[in-house]
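A.B. asks: fold the following and give me the result.
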Amino acid sequence: MKIIKIISAFYVWFINPKGARIITPKVYLNYIIFIAIGVLLAALLVNLFLDLPIPDGFVLLMLLLSITMWIVNRYTKKMGYSLIIGYFILLLIFNGFCFLSNGRFFPMTYYLFPIVFVISYFSSKKYLFYLYAGVLLNVLILAYLDLYSIFTGMAYDGEYMRIADNYFSFLFASIALIIFFIDIVKIQIQEKQIAEESIKLKTAFLANTSHDIRNPVNAIHGFCSMLDDEEMSEEELVQYVGIIQSNTKQLLSLMNDIFDISMIQSGNFVLHPHFFNLNNLLKEVHHNFSQQIKNSEKEVSFQVHYGLPDEQSAIFADNVRINQILSNLIQNAIKHTPSGVIVFGYEKIILEDKLLFYVKDTGYGIPEEKQKEIFQRHISNISEKKNLSSSGLGLHITKNLMDLMKGEVWVESKEGEGAHFYFKIPLFYQ
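C.D. replies: Predicted coordinates:
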């Protein structure tokens with residue numbers, strides 16, 4: 001069965017995983033019948049109508065069929081470019097030389113290589129008819145089944161169907177035969193690994209978000225129940241209401257992050273750029289977080305730097321998302337900086353016509369082994385110094401927003417020396 005599958009891979013075409021099927025023994029027997037009939041008819045037609053020697057006639061017929069197939073199965077953008085990397089190419093030159101353009105081809109078909117070499121050897125010993133006939137068999141099968149599917153709209157024998165416009169095939173009959181292979185098993189293993197990894201990520205996401213949702217909900221529920229105490233002092237009432245409001249904001253922020261992630265993954269996330277004053281936005285962000293730092297009683301100096309004067313700071317961008325990105329990065333900086341300095345701001349990169357934003361802190365820093373993965377989903381507790389609760393969505397959302405804005409984001413950090421986050425966007429983007 002494995003040999004039959006590999007033989008079926010010798011068809012001269014790009015295999016489309018969605019439209020192609022490995023040939024079963026039943027269908028393969030039917031193909032042998034078409035092979036015999038096709039060779040006899042082709043030889044008869046060539047001799048009767050073209051009056052050419054058999055080998056030359058086969059070459060001409062192969063060229064005509066190849067051109068027809070290429071036109072019918074024209075190349076479109078629907079083909080998955082990423083799959084091309086997994087294809088293996090065998091180039092068989094008709095003068096008797098055999099070239100393997102990919103070393104990974106040989107281990108997959110080691111027991112077929114001697115056969116290919118023998119065919120190549122005989123082709124150089126003037127037995128061209130057999131080589132042409134072998135190539136023509138593939139062309140005849142493909143042409144017949146293509147026409148059968150195109151004109152009837154049905155799959156031959158209910159098992160074989162090629163979908164037009166999803167691939168293209170081509171053949172250099174008198175120069176070289178290009179055959180494409182694809183390791184179906186390896187792709188299936190890769191797809192399985194990707195699916196398993198996706199399941200693990202989703203499980204981790206549910207675990208993290210469930211934990212982060214449960215904490216504020218429990219706090220809100222607990223302190224709301226305490227408000228019924230008639231002996232509660234006014235000072236305690238103010239304190240409890242403040243805790244309820246804080247946890248409500250935390251819960252709302254988490255729900256917004258989850259909503260953004262779902263919109264981004266579904267492809268429905270839309271930016272709304274317009275002209276706004278960037279310096280005014282940074283002043284508002286600085287004011288809001290200054291109050292938060294003051295209320296937290298942390299010994300942190302919070303500073304802002306402007307890269308342009310107020311009268312020149314009008315930019316075309318989505319101010320809500322710029323605010324969101326800065327807020328995510330500053331919130332992380334506050335969380336991981338018990339004392340020290342936090343600085344944020346921007347500068348204009350004149351040569352690139354871009355804006356470079358930054359958020360720098362002198363906090364715990366990020367271990368080097370985690371710096372490459374912190375922008376992935378569900379990566380939380382980026383600092384090992386403290387057990388800090390986080391859903392890990394903020395940085396992942398930041399990375400996706402940068403992709404939508406045609407920008408980039410990165411981090412520079414040494415553990416124990418703080419972290420410097422940067423993101424860069426075009427000065428004007430649409």
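A.B. asks: how about stretch 223-237: buried residues?
C.D. replies: With burial defined by 16 or more other Cβ atoms under 10 Å, the residues of stretch 223-237 counted as buried are residue 223. Just so you know, the C-beta spots here come from the backbone N, C-alpha and C atoms, and that holds for glycine as well.
A.B. asks: stretch 405-416 now?
C.D. replies: 405, 407, 409, 411, 413, 415.
A.B. asks: in the protein, which spans are helices?
C.D. replies: 2-8, 25-45, 54-72, 105-108, 113-123, 128-152, 184-226, 234-266, 278-296, 319-335, 394-404 (DSSP state H).
A.B. asks: related to what we said a few turns ago, give me the subset of the buried residues of stretch 405-416 lying in strands.
C.D. replies: Per DSSP state E, strands hold the following members of the buried residues of stretch 405-416: 409, 411, 413.
A.B. asks: burial count for residue 277?
C.D. replies: 16 (other Cβ atoms under 10 Å).
A.B. asks: tell me the bridge partners for it.
C.D. replies: residue 314 (DSSP bridges).
A.B. asks: residue ranges with poor pLDDT in the protein?
C.D. replies: Along the chain, the parts satisfying pLDDT under 70 run over 1-189, 211, 377-392, 428-430.
A.B. asks: ok, how many other residues are close to residue 191?
C.D. replies: By the criterion of other Cβ under 10 Å, residue 191 has 11 neighbours.
A.B. asks: can you tell me how far it sits from residue 293?
C.D. replies: 48 Å (Cβ to Cβ, to the nearest Å).
A.B. asks: can you check residue 300 too?
C.D. replies: 5 Å.
A.B. asks: before we move on, what about residue 233?
C.D. replies: With Cβ to Cβ as the criterion, residue 233 and residue 293 are 28 Å apart.
A.B. asks: also residue 279?
C.D. replies: From residue 279 to residue 293 the distance is 21 Å (Cβ to Cβ).
A.B. asks: more neighbours: the two, which one.
C.D. replies: residue 279 (20 against 17).
A.B. asks: that one touches residue 306, doesn't it?
C.D. replies: Yes: in terms of Cβ atoms under 8 Å, residue 279 counts as a neighbour of residue 306; the distance is 5.2 Å.
A.B. asks: joint contacts of the two?
C.D. replies: Common contact partners of residue 279 and residue 306 (Cβ atoms under 8 Å, 6 or more residues apart in numbering): residue 313.
A.B. asks: what's the farthest-apart pair in the buried residues of stretch 405-416?
C.D. replies: 405 and 415 (29.8 Å; Cβ to Cβ).
A.B. asks: break this protein down into its domains, please.
C.D. replies: Per automatic domain parsing, the structural domains of the chain span 2-182, 188-268, 270-430.
A.B. asks: still on that earlier bit, find residues that contact each of residue 300 and residue 293.
C.D. replies: Common neighbours of residue 300 and residue 293 (Cβ under 8 Å, 6+ apart) are 334, 342.
A.B. asks: hey, which strand is longest across this protein?
C.D. replies: strand 339-349.
A.B. asks: check which helices and strands it sits against.
C.D. replies: On a contact count with 3 or more Cβ pairs under 8 Å, 6 or more residues apart in numbering; DSSP states H and E, strand 339-349 meets helix 278-296, strand 299-305, helix 319-335, strand 354-361.
A.B. asks: out of these, which is closest to residue 398?
C.D. replies: Per Cβ to Cβ, nearest to residue 398 of the helices and strands packed on strand 339-349: helix 319-335, 5.1 Å.
A.B. asks: with only the CA atoms kept, save that closest one in PDB.
C.D. replies: Output in PDB follows, covering the C-alpha atoms of helix 319-335 (Å, rounded to 0.1, in the frame of the first residue of the first chain):
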ATOM      1  CA  ASN A 319      -5.500  57.300  19.600                       C
ATOM      2  CA  VAL A 320      -7.500  54.800  21.600                       C
ATOM      3  CA  ARG A 321      -5.100  52.000  20.600                       C
ATOM      4  CA  ILE A 322      -2.000  54.100  21.200                       C
ATOM      5  CA  ASN A 323      -3.400  54.800  24.700                       C
ATOM      6  CA  GLN A 324      -4.100  51.100  25.200                       C
ATOM      7  CA  ILE A 325      -0.600  50.100  24.300                       C
ATOM      8  CA  LEU A 326       1.000  52.700  26.500                       C
ATOM      9  CA  SER A 327      -1.300  51.800  29.300                       C
ATOM     10  CA  ASN A 328      -0.500  48.100  29.000                       C
ATOM     11  CA  LEU A 329       3.300  48.700  29.100                       C
ATOM     12  CA  ILE A 330       3.100  51.300  31.900                       C
ATOM     13  CA  GLN A 331       0.800  49.000  34.000                       C
ATOM     14  CA  ASN A 332       3.400  46.200  33.600                       C
ATOM     15  CA  ALA A 333       6.200  48.600  34.600                       C
ATOM     16  CA  ILE A 334       4.300  49.700  37.800                       C
ATOM     17  CA  LYS A 335       3.500  46.100  38.700                       C
END
